[in-house]
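Asks: How does the following fold in three dimensions:
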Amino acid sequence: MSSTGLEESDACAGDDSKRSKSSEEDKRGLMKRAAVKQKIERYYHQLTEGCGNDSCSNQFCASSPAFEPLDNNAAALRAVDLCRNKARLCDPHPSKRGATVLRSPDHSKAAALACSGPLPEGATGGKVSQPPRQNSTDVGCLTEEQLEGIVHTCRETGDLAPLVRIVGRVFSCADALALSFCHNATPSKEELKARQARDEDKDEDEKEGDGGDGEPMDAETTMMTTASEMVDTTHACHSPTVSPPAPSPPMPQSPDAEEISVDIEAVRRSYRLLQEYDGVETALLNALLCLSTNVECELAYHNVYARSPHYLNIFVIVMENPSLHSPEYLDAALPTFCKAMSRLPTLAQARLVLLWAKNDANELRRMVETFQQLITCRVITQDFGSQRLVNEDDAVVAATKCLKIVYYASLLGGEVDSNPRDEEESEEDENDGEPTDSTFRELLGAVPRGKRPMPFEPLAIEVGVQPIDCLHPLVPHEDFINEPLNDVLEMDKDFTFFRVEQEKRFSFMTCPFILSPVTKSLGLYYDNRIRMYSERRITVFHSLVQGQHLHPYLRLKVRRDHVIDDALVRLEMIALENPTDLRKQLYVEFEGEQGVDEGGVSKEFFQLVVEEIFNRDIGMFTFDEATHLFWFNPSSLENEGQFTLIGIVLGLAIYNNCILDIHFPMVVYRKLMGKRGSFHDLVDSHPTLYRSLHYLLHYQGNVEEDIMATFRISTLDMFGTPVSYDLQENADQVPVNNWNRQEFVDLYANYILNTSVEKQFRAFRHGFHMVTSESPLKMLFRPEEIELLVCGSKVLDFHALQEATEYDGGFSKTSRIIKEFWETVHEFTEDQKCLLLQFTTGTDRAPVGGLGKLKMIIAKNGPDSDRLPTAHTCFNVLLLPEYSTQEKLKERLLKAITHAKGFGML
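Replies: This next block holds a predicted model:
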């Protein structure tokens, strides 16, 4: 034989040896997997059936007196853990030694009977027992007619046990409940074929789980696969006539409420019927607990929603239960259900939104109260704080996510403004450029633009509605705010999760509807301060690298008599040269005064600027005597740069946490957030015009003959001269009639609120965004909350201020002069109270949340003397000498607050 033949022979022998060795490894792997699987099934039977010894001491055996019954899914998962930890296995009792510990052919039937989980014993509830295993009347799904028939039979026999048993079985089995109470409950041939395909899909998944290429799975994978098989078995709720539901072809990727086939009215009638009988509520409670565990597992690991078109019916039916908010559900069943519901994909949540948006306000309010009660109950009963964060409580987080679905249903079902978002505003958002040295800035700690949070919620995009789009929701925004949650929320930690760890940790800032304006303003404050520190750090590094002396603050030095000229010129130079300097901390200095700006000097600066800007003699804004509100003057002689600088001032006030005394209609804040003004916005900006147009829309007679208006309108310029404007071509030839009056009203409102002031408002908005473009302002706040943030609260509750005030320097709440001080203050007129607030804090407005949120300090400033009271407006400190009489206190205090101008060093 040639050498070549020998080499070929050796190669063949080597290949045979490798194949033999590989075959032996495969056999060993399969044997190992079979052994692990058999052991897990022994643990599973031990947890579900027990060993047969009634006095068993094994805590993991169902025969033990101390063992708490588990539903089949929980038992499957527990079996995996016990196998992994090598827990104790009981030997079969003599009475059970004839039975195998492996799954028998009847195992699926037993699992089907057990899928309802623990059921109540008898008709009156009470002791929870294992599901009965004897044959009974089975149903694959439940209809209103079937339920009425079962109730009728139970009435005749006087035994409610069959009703309790069937209700518990159906409401605990996801497949059965998903097909219950449908408009057409009888499954078609296509559905039956699809159900058969589901089992085939599972078989293919199991084969793929074996490795696909014949490689054996390791013990860990074997345990998880076996557990998955057991979990799947618990859902095989077969009946003599109906098979469990199966998937249909993939769903269309667009939300459509019509795909939800539940007859909601039938569900509500069925719940009312069941509430008449004792014991059924306990069955529903236990069933929901078992159902929620199974559903959460299926949504998390099996992607069942993508395969089953009816799966969403489960959540619709459960949420119609009028007893969900009762204490029995709040303990375990509702939290578990919320966890399952929170795992729904965004598309499924959007379908729920579309469906629930059709409900009336009372039904939505019931859902809101259900989730709010769960959140409040958890917050009150648990000890949350800096060591144990409420963000880490799964029940609170899940309930908040579920509440978000109801929130968007309330928005969509309410009165929605159909006007599109302002396209120019969107372009400004995209074009607000990052500085050219963005890479260098990122290295030095600046928050890069790409890491900003998404401005819109994915669910909002799916359903096509934003909070700003809704004029009047079905349920008021205030009903979604949970005050107990806001009280325990550690906002500094929550903000960190929002900015840095949003993918790993839950932040309530992603659900701003549940937060109060006070809490949201605190989150905005953290964001602004971090940006200020970031800009300061960058400035220091620039100075070290480039050797230039740069200011770490936005420093403004102004003359009190020329505050507008000095401030606006300086801000204009900064905006043109280096706009990012506007995000530095503001530091104001009045020329010739000794005041050091720790916040108080900035407050007075903003006050003086606002007084000058809104002076009616300047003509930049018009003033409505009826509403006392300002609006942009369409015929203003000022250039666009002046309006840009006013927008910068407004943005700086928010950025530096200062309150401004400005009076804009709500439409200004809506337009700042991207909406165009519409007819509804005229109600507070132009109330007289609104009433006229409203009358036109609802006029019952012949509009063309009686009113005789055309599409040419007339307005007055700043000098009182009439100016005509055509709303469309040949406007003077187009009469307003009963058919086109809505178009006329829309065009008229668009001209007044948008077209006529487009140049002025575009510049104003651009200046505002130069400061706030990277802020989460739009995502967190609604327009009315932004107004509160800018202007503060108009309600001045000095009793709340008295409760919140602290004392220093020897004064206390019980000091004589302190008691006399508050007696004097409460006797003041409203104007005098505003002067006192202005004197002490630098503004006559209350902060967000009212005067109770203002931390004012009254400190002793020596014994009795003729000196006037003084104040540190930067720190809200009032320095008060210990006057001998209350009359002297009042006289000195009034003199101080009525002649308070300028700053000096004490």
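
Asks: Now do the contacts for residue 606.
Replies: 649, 652-653, 658, 660 (CB atoms under 8 Å, 6 or more residues apart in numbering). To be clear about C-beta, it is placed using only N, CA and C from the backbone, and glycine gets the same treatment.

Asks: where in the stretch 751-900 of the chain is pLDDT low?
Replies: 900 (pLDDT under 70).

Asks: Now do the helices in it.
Replies: 758-772, 777-780, 783-791, 798-804, 816-827, 830-841, 886-898 (DSSP state H, counting those that start in this stretch).

Asks: Now the last one - C-alpha only, PDB.
Replies: Once non-C-alpha atoms are left out, helix 886-898 reads as follows in PDB (Å, rounded to 0.1, in the frame of the first residue of the first chain):
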ATOM      1  CA  GLN A 886     -46.600  97.100  68.600                       C
ATOM      2  CA  GLU A 887     -47.500 100.600  67.400                       C
ATOM      3  CA  LYS A 888     -43.800 101.400  66.900                       C
ATOM      4  CA  LEU A 889     -43.300  98.000  65.100                       C
ATOM      5  CA  LYS A 890     -46.100  98.800  62.600                       C
ATOM      6  CA  GLU A 891     -44.900 102.400  62.000                       C
ATOM      7  CA  ARG A 892     -41.300 101.400  61.400                       C
ATOM      8  CA  LEU A 893     -42.200  98.400  59.200                       C
ATOM      9  CA  LEU A 894     -44.600 100.400  57.000                       C
ATOM     10  CA  LYS A 895     -42.000 103.100  56.500                       C
ATOM     11  CA  ALA A 896     -39.400 100.500  55.500                       C
ATOM     12  CA  ILE A 897     -41.500  98.600  53.000                       C
ATOM     13  CA  THR A 898     -42.800 101.700  51.200                       C
END
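
Asks: what angle sits between it and helix 816-827?
Replies: 60 degrees (axes from the mean of the first three to the mean of the last three CA atoms, to 10 degrees).

Asks: Just the buried residues of helix 886-898, please?
Replies: 889-890, 892-893, 896-897 (16 or more other CB atoms under 10 Å).

Asks: one step back: include neighbour count when you put the contacts of residue 606 into JSON lines, please.
Replies: Shown next, in JSON lines, are these (neighbours: other CB atoms under 10 Å):
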{"residue": "649", "neighbour count": "23"}
{"residue": "652", "neighbour count": "26"}
{"residue": "653", "neighbour count": "24"}
{"residue": "658", "neighbour count": "21"}
{"residue": "660", "neighbour count": "22"}
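
Asks: Which member of those is positioned nearest residue 771?
Replies: Relative to residue 771, the closest of the contacts of residue 606 is residue 652; by CB to CB it sits at 5.7 Å.

Asks: ok, now which ones touch that closest one?
Replies: Neighbouring residues of residue 652 by CB under 8 Å, 6+ apart: 554, 582, 586, 606, 658, 771.

Asks: State the pLDDT value of the third one.
Replies: Which is residue 586. pLDDT, residue 586: 85.

Asks: try residue 339
Replies: In this prediction residue 339 is given a pLDDT of 94.

Asks: That one: neighbouring residues, count only.
Replies: 22 (other CB atoms under 10 Å).

Asks: Equivalent analysis for residue 724, please.
Replies: 10.

Asks: Could you measure from it over to residue 587?
Replies: Noted for residue 724: a distance of 50 Å to residue 587, by CB to CB, to the nearest Å.

Asks: Give me the secondary structure label for the nearest residue to residue 633 once chain neighbours are set aside.
Replies: Among residues not flanking residue 633 along the chain, residue 622 sits closest, at 5.0 Å (CB to CB, 6 or more residues apart in numbering). Put simply, residue 622 is strand when judged by DSSP: H, G, I helix; E, B strand; the rest coil.

Asks: Centre-most residue in the chain?
Replies: Nearest to the mean C-alpha position of the chain, counting by CA atoms, centre = their mean, stands residue 511 at 1.7 Å.

Asks: Pretty sure that one sits against residue 404.
Replies: Yes. Residue 511 is within contact range of residue 404, at 5.5 Å (criterion: CB atoms under 8 Å).

Asks: low-scoring stretches of the stretch 451-600 of the chain, by residue?
Replies: 451-456, 546-550, 594-599.

Asks: Closest to residue 413 out of the contacts of residue 652?
Replies: Looking across the contacts of residue 652 and measuring by CB to CB, the closest to residue 413 is residue 771, at 35.9 Å.

Asks: Give the closest residue to the closest one in space, chain neighbours not counted.
Replies: Closest to residue 771 by CB to CB, 6+ apart is residue 651, at 3.0 Å.

Asks: element containing that neighbour?
Replies: Secondary structure from DSSP states H and E places residue 651 in helix 640-655.

Asks: On the C-terminal side of that helix, identify the next helix or strand.
Replies: helix 666-672.

Asks: That following helix - contacts with which helices or strands?
Replies: When contacts are defined as 3 or more CB pairs under 8 Å, 6 or more residues apart in numbering; DSSP states H and E, helix 666-672 packs onto helix 682-685, helix 758-772, helix 783-791.

Asks: picking up where we left off before, just the CA atoms of the helix holding residue 651, as CSV, please.
Replies: Extracted in CSV, the C-alpha atoms of helix 640-655 (Å, rounded to 0.1, in the frame of the first residue of the first chain):
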residue,chain,number,x,y,z
GLU,A,640,-36.9,91.9,16.0
GLY,A,641,-33.8,92.1,18.1
GLN,A,642,-35.6,93.8,20.9
PHE,A,643,-38.2,91.0,21.1
THR,A,644,-35.4,88.4,21.0
LEU,A,645,-33.8,90.1,24.0
ILE,A,646,-37.2,90.0,25.8
GLY,A,647,-37.3,86.3,25.2
ILE,A,648,-33.8,85.9,26.6
VAL,A,649,-34.9,87.8,29.7
LEU,A,650,-37.8,85.4,30.2
GLY,A,651,-35.6,82.4,29.7
LEU,A,652,-33.0,83.7,32.1
ALA,A,653,-35.7,84.2,34.8
ILE,A,654,-36.7,80.6,34.5
TYR,A,655,-33.1,79.4,34.3
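
Asks: What residues of it count as buried?
Replies: In helix 640-655, counting by 16+ other CB under 10 Å, buried: 642-655.

Asks: How about stretch 366-376?
Replies: Neighbour-count burial for stretch 366-376 flags 366-368, 370-376 (criterion: 16+ other CB under 10 Å).

Asks: Where helices are concerned, which of these count?
Replies: 366-368, 370-376 (DSSP state H).

Asks: residue ranges with poor pLDDT in the stretch 251-400 of the chain?
Replies: For the stretch 251-400 of the chain (pLDDT under 70), the answer is 251-259.

Asks: what ranges do the helices span in it?
Replies: Ranges of helices in the stretch 251-400 of the chain, per DSSP H, counting those that start in this stretch, are 264-274, 280-301, 313-319, 327-331, 333-342, 346-356, 361-381, 394-413.
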